[in-house]
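Engineer: would you be able to build a 3D model of this:
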Amino acid sequence: MTDMKRRRVLAGAAAGAAAIGATVVAKAAEFGNPDRPAQGAINSSAIANAEPGPQNPQLRDVLPSFNNPPPTDVGGMPIPWASFNLAHKRIQDGGWAREVTTKAFPISKDIAGVNMRLGPGGVRELHWHQQAEWAMMVSGEVRITTIDSKGRAEVADVQAGDLWYFPPGLPHSLQGLGANGGEFVLAFDNGAAGEFNTLMVSDWLAHTPPEILAQNFGVAADKFKNIPLDQLWIYQGANAGPLAAQQAYVASKDGRPDHPFIFRMGSMTPTLAQPGGEVRIVDSSNFPISKTVAAAMVTLRPGGLREMHWHPDADEWQYFIQGTGRMTVFNSGPAAQTVDFSPGDVGYVEKNLGHYVKNTGTTDLVFLELFKSDHFSEVTLSQWLANTPRQLVREHLRVDDATLDVIHKLKNRRDVIA
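Structural biologist: Predicted coordinates for the structure are as follows:
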């Protein structure tokens, strides 16, 4: 591994186009069609590859690489694709949520995802989790409230591109702001965790004897005669008051928490910027409170490639925000599976499995990479080969000296192949 700024994380469109051209020329020599028996529609007659049976075109066309995989795909492996677009919504007066957990996405063992929207004044009620909650704003504006274990409060407003992180057990709430409210994606550091089974204050009070509530708060028991008997979950509240006033109301004599619960990822300087795209990395090194989730926001220009690599320390959970892309995951066996992504889709790559992501559209492809870890780490194929003795690379790849020269130059190269 090398420092992030030394990695060729993104590969440009021109290199990819050249490779595609080479594949077409070399097709007769089985380049790009390695398996016996040969794989892919390239080997099949039109009549043999026809699908005269019942069809659901809306579903079939969501994943064209499943219906017509490249001939390099081989074997079987857990499907690394799910989508919030196919997740059941829970809708209430103040907003909605939908989740992707191991119930519907068994491969995603380390991270569960939730997509939520709060309308103007909509409140996700006071609650807490047994897991850590990491989140990114997708659109609009939301106010977060929380306290740490020393009773020090935080009230802050977050906009598109901003993050928050609540360690396990810290209570919090969320409220939509402005004229449009806000939408965000949540990630829990346990694939089986969900948004529909959280620990909520309304549930707890409803299931506590009135005399205990009276003794706990120091008021008469009948003061709690109107508490809700059902959980509020998401409800329509009054519009939030001025931020400064709420911050003053909750201020502690002990000051503010040691570390902020929010991070402005959208406005940070890219960790790496290249012609093929850019990457913003946020982990405990620059967002200290985020101890169990590390993140990278990746933007790929049209034709750009998130180069061939793997992650040695954690599985990768992906959330696709904008554009269209294609990923191939490689495992032992050999096994290789290609899958397509659109906005709202979720991907998952198990630790140490090789993969790449290609922008297949005409606009930028933007997606999140999340890891159950306090740090971001990866190994790239190009850096590995560039730092391997020449003779070993020659024997493995059977390429000429000119190609070996190009590979070796990648050892210290920071910018993308154009």
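Engineer: what's the burial count for residue 302?
Structural biologist: Taking other C-beta atoms under 10 Å as the neighbour definition, residue 302 ends up with a count of 15. In short, each C-beta sits where N, CA and C put it, glycine included.
Engineer: no no, residue 241
Structural biologist: 10.
Engineer: for residue 158, see how far away it is.
Structural biologist: From residue 241 over to residue 158 the distance is 17 Å, taken as C-beta to C-beta, to the nearest Å.
Engineer: with residue 316 instead?
Structural biologist: Separation of residue 316 from residue 158 (C-beta to C-beta) stands at 24 Å.
Engineer: next one: residue 347
Structural biologist: 25 Å.
Engineer: likewise residue 122?
Structural biologist: For residue 122, the distance to residue 158 - C-beta to C-beta - is 15 Å.
Engineer: following the longest strand along the chain, which helix or strand comes up?
Structural biologist: The strand of greatest length in the chain, counted in residues with DSSP state E as the criterion, is given as strand 133-147. Stepping forward along the backbone from strand 133-147, the first helix or strand reached (DSSP states H and E) is strand 153-159.
Engineer: got the angle between that following strand and strand 133-147?
Structural biologist: 130 degrees (axes from the mean of the first three to the mean of the last three C-alpha atoms, to 10 degrees).
Engineer: packing partners of the longest strand of the chain?
Structural biologist: Other helices and strands packing on strand 133-147, by 3 or more C-beta pairs under 8 Å, 6 or more residues apart in numbering; DSSP states H and E, are strand 153-159, strand 163-166, strand 172-176, strand 182-188, helix 243-250.
Engineer: please convert the ones you listed to JSON lines, extending it with mean neighbour count and distance to residue 102.
Structural biologist: Supplementary listing: these in JSON lines, determined by neighbours: other C-beta atoms under 10 Å; distance: least, C-beta to C-beta, whole Å:
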{"stretch": "strand 153-159", "mean neighbour count": "19", "distance to residue 102": "28"}
{"stretch": "strand 163-166", "mean neighbour count": "24", "distance to residue 102": "21"}
{"stretch": "strand 172-176", "mean neighbour count": "23", "distance to residue 102": "24"}
{"stretch": "strand 182-188", "mean neighbour count": "24", "distance to residue 102": "11"}
{"stretch": "helix 243-250", "mean neighbour count": "12", "distance to residue 102": "36"}
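Engineer: can you give me the helices for the stretch 151-300 of the chain?
Structural biologist: Listed from the start of the chain, the stretch 151-300 of the chain has helices (DSSP state H, counting those that start in this stretch) covering 201-206, 210-217, 243-250.
Engineer: quick one: which of those helices is nearest residue 95?
Structural biologist: Residue 95 lies closest to helix 201-206 among the helices of the stretch 151-300 of the chain, at 16.2 Å (C-beta to C-beta).
Engineer: tabulate the helices of the stretch 151-300 of the chain (JSON lines), appending distance to residue 411.
Structural biologist: Written out in JSON lines, the entries for the helices of the stretch 151-300 of the chain read as follows (distance: least, C-beta to C-beta, whole Å):
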{"stretch": "helix 201-206", "distance to residue 411": "56"}
{"stretch": "helix 210-217", "distance to residue 411": "65"}
{"stretch": "helix 243-250", "distance to residue 411": "50"}
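Engineer: of all those helices, which one comes closest to residue 337?
Structural biologist: Taking C-beta to C-beta as the measure, the helices of the stretch 151-300 of the chain were each checked against residue 337, and helix 201-206 came out nearest at 41.6 Å.
Engineer: so what sits opposite the spatially closest residue to residue 322 that is not a sequence neighbour in the bridge?
Structural biologist: What sits nearest to residue 322 in space, not counting adjacent residues and going by C-beta to C-beta, 6 or more residues apart in numbering, is residue 366, at 4.1 Å. With DSSP bridges as the criterion, residue 366 is bridged to residue 299, residue 322.
Engineer: what of residue 115?
Structural biologist: Beta-bridge partners for residue 115, by DSSP bridges, are residue 98, residue 185.
Engineer: burial of it, as a residue count?
Structural biologist: Here the count is done by other C-beta under 10 Å, and residue 115 has 23 residues near it.
Engineer: ok, it - contacts?
Structural biologist: Under the criterion of C-beta atoms under 8 Å, 6 or more residues apart in numbering, the neighbours of residue 115 are 84, 87, 97-99, 183-186, 344.
Engineer: one more pass at 7 Å, please.
Structural biologist: Contact partners of residue 115, counting by C-beta atoms under 7 Å, 6 or more residues apart in numbering, are 84, 97-98, 185.
Engineer: again, but for residue 340
Structural biologist: Contacts for residue 340 were tallied using C-beta under 7 Å, 6+ apart; they are 63-65, 326.
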